[in-house]
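Asker: 3D, please:
(one chain, ligands or ions: 1)
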Amino acid sequence: MAATSSAAAAAAPPCRLLGSGQAHLRLPPAASGRRRLLLRCAASGGNNGKGGGGDGSGSGSDPVLEERRRRRQAELAARIASGEFTAQGPAWIAPLAAGLAKLGPPGELAAALLTKVAGGGGPEIPQAVGSMSAVTGQAFFIPLYDLFLAYGGIFRLNFGPKSFLIVSDPAIAKHILRDNSKAYSKGILAEILEFVMGTGLIPADGDIWRVRRRAIVPAMHQKYVTAMISLFGEASNRLCQKLDKAASDGEDVEMESLFSRLTLDVIGKAVFNYDFDSLSYDNGIVEAVYVTLREAEMRSTSPIPTWEIPIWKDISPRQKKVNEALALINKTLDELIDICKRLVEEEDLQFHEEYMNEQDPSILHFLLASGDDVSSKQLRDDLMTMLIAGHETSAAVLTWTFYLLSKYPNVMAKLQDEADTVLGDRLPTIEDVKKLKYTTRVINESLRLYPQPPVLIRRSIEEDMLGGYPIGRGEDIFISVWNLHRCPKHWDGADVFNPERWPLDGPNPNETNQNFSYLPFGGGPRKCVGDMFATFETVVATAMLVRRFDFQMAPGAPPVEMTTGATIHTTEGLKMTVTRRTKPPVIPNLEMKVISDSPGNMSSTTSMPVSAASIASGEDQQGQIVPEAFIYSELDTCVYCQGAEVDTNAWEVLAPPMTATAQILLVDFDLIHAQIFFNTPLVLDSDLRAAEWDRAGDVARGDWLAGFSWAQVTWQWISRITLTFGLVLSTDRPACR
Ligand code: HEM
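Answerer: The predicted structure is shown next:
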């Protein structure tokens, strides 16, 4: 073990102490060439003796890995059974104390002290002691599970000079997190994160935390979260476009890094109205964020805290890079704060409970408008905290959800069914999200199997009783959410991914209604402030992706194993094959409701153009009948090649519904050439123009499109529409020639 002094040991983050042995360099999933240091988890499962990803699927896992994992598990179980980990305190203390007691009053005092130190005077917390080698070579929370099964809901883990209390009991977790939360601080976590989050909400304790929490929580009011739904939808749509290209090109995709980019784009806009646009390209600031994030992860897993060594920290190229990255982020945040301050000064809005600037609904804007009077440094710390808290967590949830879906095609099928029914082809609204009940259960269940983070860290700042055992001040505590969520006594089929365990019409599972056996967002006063945000974000992204694509593990993809960072990462990414879904044939339907501004005279009066946004929001269009569905038709013969094979199920129409603007997303076919035709009868008023196709570089009626494409049709002044959109496709250009 690397920690050499007690001070270093006290400051040492958990994994430095628990899992340093086989740290190795690896490339992150992002293709940027960044490197990060992570602990390897050679056992891919969650101690369940079943599936490769610890989800009970038992499918698709590598038999060699499985065997290795089983062997490691059996080895650990044998070592636990042999008593290797069991502290023998009272057994050897007793004869010694008896001998001392015979020496008269001073000896009696020494004996009493010895007995007390060894815990012989009262109930003693079960202890596990052992060598590092027993738990290295895997993500550190994995071996804690077997130790939990052997030693129970609270036990002490001793490594050399350092000891930790491992809590896996819901009642004790509730006591620490909720009932007596004042007796605990963030301890080691605050020390690890100080360099990046300063006194932001996650590491802060005491008064700073109280004041900042009171300022930040109101910013995430319902109207804000509702407004975020369209942000989630748009960002997910950008990801869909990227996947669509990959599907066209027949390229496999590394989903973990794409999810990381998706959630970075979302959180940048949501917290300080900054568009990282990391799904499109890597710029300096995106790179700086990743350098900083990886440093935080590295510090939590590094065997040697080099960043604390006086001269080394100044000359180390890595530290230099981190400092430069932090400087760039700070500069950017300062600029954003300044811009936002000016906007707030100029705006004419009254601040109230559900205050939100429509142009900039960000949390930063809310804080400044609320008159939050803090230093720029504190504001930066808070923004940075939320950036990190809301980025990696949501990305990890999506990564493991899609991993699970690839293992459970039946769940995927149900999910796709729901997305088709609820969303159709529209961007989700808040009402849709509420109806996406099964999708929500999938996220709930994914968070049960892969909680992010898998352990919560605390330090006792007062004496307390935990599970009937007295504990002193300064105890470092890990609440293993992983163990709580997989406790075999509490959960039927604890390791099985089973979204059906949560009834659709039941309450959303949380720590309160599950009595702290399930706490995906923590509990008590330090519960996540972004729980609703994150749930909606992951639900929207999941529904939008599965609606368009099927996801399978890519052939030859590396096995999906776990490593510990701030959240659970995969060791080598989540490489998937993405294919566009094909839909059942659409029966052409040429009936079309009429849009008119005069309900009594639908056929002849002229309607005003109707904004897509207002339609999407369900606004009443002054008596106009809002059409409910697109009308479309398709041909199954390629007029171009007269009979080549054509994929008739190969396209999809996207919301908003047919009013002023319709968007047609051409997907689901390996398009080599396709013709869009715009089929009359289209009855327009007087001599007004027919629909105009437009896209990046107009698409006109009869145009040939290549590859994936958006087409948008806009029409105006229409009193009656009967439209047929047709696509003539060919999947095989050579055959057509
Ligand atoms: C699925 C995604 C997310 C998960 C699983 C998650 C999980 C958690 C958990 C378990 C905690 C409690 C930590 C502890 O008690 O030590 C927490 C705290 C926190 N989370 Fe989240 N979170 C997620 C998304 C977000 C988002 C999107 C934001 C911000 C927009 C956010 C902001 C925070 C903050 C500021 C705290 C600290 C609260 C405090 O200490 O008062 N989280 N999160």
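
Asker: By mean pLDDT, which helix or strand of the protein comes out lowest?
Answerer: Lowest by mean pLDDT, DSSP states H and E among the helices and strands of the chain is strand 24-26, with a mean of 23.

Asker: helix/strand/coil for the residue nearest to Gly187 when sequence neighbours are not counted?
Answerer: Excluding the flanking residues, the one nearest Gly187 by Cβ to Cβ, 6 or more residues apart in numbering is Arg459, at 2.7 Å. Where C-beta positions appear, they are placed from N, C-alpha and C, glycine not excepted. Following DSSP: H, G, I helix; E, B strand; the rest coil, the label given to Arg459 is strand.

Asker: just checking, Arg459 touches Gly472?
Answerer: No - contact criterion Cβ atoms under 8 Å: Arg459 and Gly472 do not qualify, at 11.2 Å.

Asker: Between those two, which is the more surrounded one?
Answerer: Arg459 (20 against 9; other Cβ atoms under 10 Å).

Asker: residues touching that one, list them.
Answerer: Counting by Cβ atoms under 8 Å, 6 or more residues apart in numbering, Arg459 touches 184-188, 474-477.

Asker: do Asp505 as well
Answerer: Lys437.

Asker: Relative to the ligand, how far out is it?
Answerer: Asp505 is 23 Å from the ligand, where distance means Cβ to the nearest ligand atom, to the nearest Å.

Asker: Tell me how many other residues surround the residue in the stretch 251-400 of the chain that the ligand sits nearest to.
Answerer: Closest residue of the stretch 251-400 of the chain to the ligand, Cβ to the nearest ligand atom: Gly390 (2.9 Å). Gly390 is flanked by 24 other residues according to other Cβ under 10 Å.

Asker: was I right about it contacting Phe533?
Answerer: Yes - with contact defined as Cβ under 8 Å, Gly390 counts as touching Phe533 (7.0 Å).

Asker: Which residues are in contact with each of these two?
Answerer: Any residue near both Gly390 and Phe533 by Cβ under 8 Å, 6+ apart counts here, and that gives Ala270.

Asker: what's the burial count for the closest residue to the ligand within the chain?
Answerer: Of all residues in the chain, the one sitting closest to the ligand is Gly530 (2.4 Å; Cβ to the nearest ligand atom). Residues near Gly530, counting by other Cβ under 10 Å, number 21.

Asker: List, out of the contacts of Arg459, those positioned next to the ligand.
Answerer: Among those, no residue is within reach of the ligand (Cβ under 6 Å from any ligand atom).

Asker: Any of the residues you listed buried? List them.
Answerer: Using 16 or more other Cβ atoms under 10 Å as the burial test, the contacts of Arg459 include 184-188, 475-477 as buried.

Asker: from those residues, which is closest to Asn410?
Answerer: Ile477 (39.2 Å; Cβ to Cβ).

Asker: quick one: contacts for the closest one?
Answerer: Each residue near Ile477 by Cβ under 8 Å, 6+ apart is listed here: 164-167, 176, 184, 187, 457-460.

Asker: which one of those is nearest Gly424?
Answerer: Ile457 (44.1 Å).

Asker: follow-up on the earlier one: pretty sure the residue of the chain closest to the ligand sits against Gly390.
Answerer: Yes - in this structure, Gly530 is within contact of Gly390 by Cβ under 8 Å, at 5.2 Å.

Asker: Would you mind naming what in this protein lies close to the ligand?
Answerer: Proximity of the chain to the ligand is confined to 201-202, 213, 385-386, 389-390, 393-394, 397, 452, 456, 520-522, 526, 528-530, 533-534, 538 under the rule Cβ under 6 Å from any ligand atom.

Asker: in its sheet, what does the helix or strand containing Ile477 sit against?
Answerer: Ile477 belongs to strand 476-480 when assigned by DSSP states H and E. Within its sheet, strand 476-480 is paired with strand 162-167 (parallel), strand 455-460 (antiparallel), according to DSSP bridges.

Asker: weakest of those in terms of mean pLDDT?
Answerer: When the strands paired with strand 476-480 are compared on average pLDDT, strand 162-167 comes out lowest at a mean of 90.

Asker: mean confidence score for the strand or helix carrying Lys174?
Answerer: Assigned by DSSP H and E, Lys174 belongs to helix 170-174. Taken as a whole, helix 170-174 carries a mean pLDDT of 98.

Asker: Check which residues of it are buried.
Answerer: Applying 16+ other Cβ under 10 Å to helix 170-174 flags 170, 172-174 as buried.

Asker: how far away is the residue nearest to Thr440 when sequence neighbours are not counted from Glu256?
Answerer: Leaving aside its sequence neighbours, Thr440 sits nearest to Val539 (Cβ to Cβ, 6+ apart; 5.4 Å). Note on Val539: its distance to Glu256, by Cβ to Cβ, to the nearest Å, is 19 Å.

Asker: swap in Val291?
Answerer: 18 Å.

Asker: Kindly report the same for Met576.
Answerer: Distance from Met576 to Glu256, by Cβ to Cβ: 10 Å.

Asker: now do Asn273
Answerer: 26 Å.

Asker: cool, and Glu354?
Answerer: For Glu354, the distance to Glu256 - Cβ to Cβ - is 36 Å.

Asker: more neighbours, those two?
Answerer: A count of neighbours by other Cβ under 10 Å puts Glu256 above the other of Glu354 and Glu256, at 26 against 11.

Asker: check contacts around the more buried one.
Answerer: Neighbours of Glu256 in contact, by Cβ under 8 Å, 6+ apart: 29, 395, 399, 569-570, 573-574.

Asker: That one: which element?
Answerer: With DSSP H and E as the criterion, Glu256 is inside helix 255-272.

Asker: buried residues in that helix?
Answerer: 255-272.

Asker: With stretch 554-574 instead?
Answerer: 554, 557, 559-574.

Asker: Okay, and which of the residues of the chain next to the ligand map to strands?
Answerer: The strands, defined by DSSP state E, take in Leu456 from these.

Asker: Show me just the buried residues among the residues of the chain next to the ligand.
Answerer: By 16+ other Cβ under 10 Å, those give 201-202, 385-386, 389-390, 393-394, 397, 452, 456, 520-522, 526, 528-530, 533-534, 538 as buried.

Asker: Which residues does the helix or strand hosting Asn410 contact?
Answerer: Secondary structure assignment for Asn410, by DSSP H and E: helix 409-423. Residues outside helix 409-423 that contact it (Cβ under 8 Å, 6+ apart): 404-406, 432, 435-439, 442, 497, 499, 542-544, 546-547, 550-551, 581.

Asker: Can you name the next helix or strand after it?
Answerer: Following helix 409-423 toward the C-terminus (DSSP H and E): helix 430-435.

Asker: orientation of the next helix or strand after that next one relative to helix 409-423 in degrees?
Answerer: Toward the C-terminus, helix 430-435 is succeeded by helix 437-449 as the next helix or strand (DSSP H and E). Interaxial angle of helix 437-449 relative to helix 409-423 (axes from the mean of the first three to the mean of the last three Cα atoms, to 10 degrees): 140 degrees.

Asker: Average pLDDT for whichever helix in the chain runs longest, rounded please.
Answerer: With secondary structure taken from DSSP state H, the chain has its longest helix at helix 376-407. Mean pLDDT, computed over helix 376-407, is 94.

Asker: Check which residues of that helix are buried.
Answerer: Those buried within helix 376-407 under the rule 16+ other Cβ under 10 Å are 378-407.

Asker: same question for stretch 339-350, mean pLDDT?
Answerer: According to the model, stretch 339-350 has a mean pLDDT of 86.

Asker: Could you list the domains of this protein?
Answerer: Domain segmentation of the chain under automatic domain parsing yields 1-86+123-551+559-581, 590-730.
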